[in-house]
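> Pasting a predicted model and its sequence here:
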Amino acid sequence: MASSEPHGVNAELEPFGARGEAPADAPARIALSHGLKSWPVTDSSGARVATVHGLLLEGWLGPHLSMENAGIRVDRPIGTAEEVELHIVRGVSGCLLVETHGGPFGRRLYPDCGASLPLVYCPETRRFGGSANEILDPAAYEERFLRDRHARLVTAEGRAGWIPGTLTAHRGISRTRRSSPPPPPPLRKRRRPPPRRWRASPAPPPAATASPSG
């Protein structure tokens, strides 16, 4: 396993964001950089359904969310991952991650819509961080670096190039992305009335002609 201390990290210049490990049989261990916080999320039954990490805009919550006892409360029961995505992930605003802890919700980390807290993940070591250099030691960083991909997608495009989607410049390291929103409810079929038939107006009577004076 890679060193527990990410490459290039020191106390004076700590990377902004979240990093940690996601063991297969235990809750994720998340370390947040200075200034970031965590908020528990409970539903209307009082059950813990998620945790929000990062910078939360408390005044910009969705219609079913409110701040309560230093946490976030959902005004309805939450029982599925789809409901977490619909009411919580889409209801919070800020620079953040939404973590679910297992059960019917799965063990997931959802970034906000703009991926303001970038997150990459290594399935082999089960470590995650803001970039590859936070979860790989120097030797693994160099060994996994995909120079052809970097040259094709970044260097060839000039300074504005970037690597899209879940790809990164390192083998075996994937970038997380926000899940697709739940599909909208099915449209209801509405019966349309038959087209109106226009009746032809009766022809006007012929104009009367004046008879010649005798």
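Happy to help now that I have it.

> for the protein, longest helix please?
Scanning the chain for the longest helix, with DSSP state H as the assignment, gives helix 138-144.

> Look up the pLDDT of Glu85 for me, please.
On pLDDT, Glu85 comes in at 93.

> in the longest helix of the chain, what's buried?
Residues 140-141, 144 are the ones in helix 138-144 that count as buried (16 or more other C-beta atoms under 10 Å). For the C-beta atoms, the positions are set from N, CA and C on the backbone; glycine is no exception.

> Distance from the chain centre to it, please.
How far helix 138-144 lies from its chain's middle: 29 Å, per C-alpha atoms, centre = their mean, to the nearest Å.

> just checking, what packs against that helix?
Using 3 or more C-beta pairs under 8 Å, 6 or more residues apart in numbering; DSSP states H and E, the elements in contact with helix 138-144 are helix 132-135.

> Dump the helix it packs on to CSV, keeping only the CA atoms.
The C-alpha trace of helix 132-135 is given here as CSV (Å, rounded to 0.1, in the frame of the first residue of the first chain):
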residue,chain,number,x,y,z
ALA,A,132,-3.2,11.8,-8.0
ASN,A,133,-0.2,13.3,-6.1
GLU,A,134,-2.3,13.2,-2.9
ILE,A,135,-2.8,9.4,-3.0
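
> Pretty sure Thr176 sits against Cys122.
No: the criterion here is C-beta atoms under 8 Å, and Thr176 misses it with Cys122 at 11.6 Å.

> Which of these two has more residues huddled nearby?
Between Thr176 and Cys122, counting by other C-beta atoms under 10 Å, Cys122 is the more crowded of the two (23 against 18).

> Quick check: the gap between that one and Pro164.
19 Å (C-beta to C-beta, to the nearest Å).

> Ala81 now?
For Ala81, the distance to Pro164 (C-beta to C-beta) stands at 25 Å.

> higher neighbour count, the two?
Using other C-beta under 10 Å as the criterion, Ala81 and Pro164 rank with Ala81 on top: 18 against 7.

> give me every residue that touches the residue nearest to the more buried one when sequence neighbours are not counted.
Closest residue to Ala81 apart from its sequence neighbours, by C-beta to C-beta, 6 or more residues apart in numbering: Phe105 at 5.0 Å. Neighbour list for Phe105: 49-50, 78, 80-81, 84 [criterion: C-beta atoms under 8 Å, 6 or more residues apart in numbering].
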